[in-house]
Structure formats: C-alpha cells, structure tokens
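S.K.: Return a 3D structure for these sequence lines:
(one chain, ligands or ions: 1)
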Amino acid sequence: MTGLVVAMDGPSGSGKSSASRGVAKALGLRYLDTGAMYRAMTWWVLHHGIDPADAATVAARAAEPGISSGTDPDGPTIHVDGVDVAGPIREAVVTAAVSAVAAVPEVRTRLVALQRQIIGAGDIVVEGRDIGSVVAPDATLKVYLTASAEARARRRHAELSGTTPTGTTVEAQRAAMARRDEADSTRKTDPLSMAAGAVELDTTALTLDEVIAEVLRLVKERT
Ligand code: DC
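M.R.: Okay, the predicted model is just below:
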C-alpha cells in the first residue's frame, strides 16, 4: 500500500498551482509541479540553441539535461544541470516554446519516468496535465480543475503583472492561453484531458481557500 497521491490536472489559469501547494501544506505532503519540468526541458533546449520546433533534434537530445525538482510546498525548486532556473522558466520565450517541446514523445517518456521516481511511495500532491491519466493513474484522488476562459486569463494576467511587456492586455493573454491550450489538448501524445475517475471542479466562482477546502474534503472522503 503506497502513501497518498493527489493528482491535480487542468489547463493554465485554472488555479492548479496555488491550490496544489495549499493542499500539500494543509496535509503535510510534498508538492511536484510537473509543468516546471517541461519548462526546464524547454529552457535547456533554447539555452543550447536548439530550435524547439525541430522535434527530431529535441527527441535525440531529450536525455541530456539533468533536471531536479525540490518538493517542499513552501519553496519548490527546479534546477537544470545544477543551475537554478526557477525564474527563467517563467519567461515569455519559454512559455511560447513549451507546448512544442512537451509534444515530443521522447521528452514525455523521460519526464514521466522522472516524475514517477519522485512520486515514489507517495505522500505528494502532483500538478500537471496528464497526472491522473498517465503519470499516476492509481492516485488516491484525481481532480480536474477548470475555470471560464475569462477567469483564467484574468488570473494569469494578474499573476504576470510586472513581468509582462507593458500593453499586454487580458484579451491578448486570453488569446495566447487559448493557443497553448489548443496545442496541449490536440497533441498526439498524452493530450490534456480529464482522466477516468477524476472529479471536475470548476473554480470560476470560488476563492482559493474554497478550492483548497473542497479538495481537502474530497481527500478525506477517500481516505
Ligand atoms: O502548467 P504550466 O503552464 O507551467 O505548464 C507548461 C507546459 O507544459 C504546458 O504548455 C503544458 C505542458 N505540460 C504537460 O504537457 N504535461 C504536464 N504534466 C505538465 C505540463
């Protein structure tokens, strides 16, 4: 019998990261942001002058970067070959390229294996796009977070204010997110979709505390 695994999937801006960290803190569990791992791989690809659209080269070199994730929900970390990339992986160049890199099957195979290693015996909240469907199909609880496109764009815009180029509007944010969601949902390997047995939670009208409370209630129900 393994420990608790909570799988939190959903599109960007659905409130996954804050909710996942909040749930992990409340339950004393570890926390893994798998999106950060795809971003780290993408950062390495760009850093090495590889065209992220050149899937054959990305596939051939997918085993090279050493990616390590720290799982403390109070201060998750991400390093590539010993370099702290927590800041750079959130930059617009990485965000624009990550869907292409995450669509390469060799990248997914490598990162899914790493994710399973980190999950190990459990006691962890894992957020991503394919956690309940591919990475941890036996998770104790699978949650699929959604929110209206408008709410997601507004949240992402607020999150990025200060880092986005001046003049980036909520509307532009919404268009960029829609393009990324479309790419993530239609790729051939492990597209974003709701896993069998997942509980859908629409966060549009909920505060962060309400989302966390609902997930905690669902965990309790299952344990
Ligand atoms: O959650 P995020 O925006 O940081 O994720 C970055 C990208 O990584 C996103 O475009 C989809 C991809 N991703 C994925 O394909 N599978 C995961 N488990 C997590 C993220």
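S.K.: Need the residues that contact the longest helix seen in the chain.
M.R.: For the chain, the helix with the greatest residue count under DSSP state H is helix 170-186. Outside of helix 170-186, the residues within contact range by C-beta atoms under 8 Å, 6 or more residues apart in numbering are 11-13, 95, 98-100, 102-103, 129, 149-150, 152-154, 156-157, 160, 164, 191-193. To be clear about C-beta, it is placed using only N, CA and C from the backbone, and glycine gets the same treatment.
S.K.: same question, stretch 210-223
M.R.: 4, 6, 8, 15, 19, 22-23, 26-27, 140-141, 143, 145, 199, 201, 203, 206.
S.K.: try 6 Å this time
M.R.: When contacts are defined by C-beta atoms under 6 Å, 6 or more residues apart in numbering, stretch 210-223 is touched by residues Gly15, Ala19, Gly22, Val23, Ala26, Thr140, Leu141, Val143, Val199, Thr203.
S.K.: Can you mark which positions in the next helix or strand after the longest helix of the chain are buried?
M.R.: Using DSSP states H and E, the helix or strand that follows helix 170-186 in sequence is strand 199-202. Of the residues in strand 199-202, those with enough neighbours to count as buried (16 or more other C-beta atoms under 10 Å) are Val199, Leu201.
S.K.: Distance from the chain centre to stretch 82-99, please.
M.R.: 13 Å (C-alpha atoms, centre = their mean, to the nearest Å).
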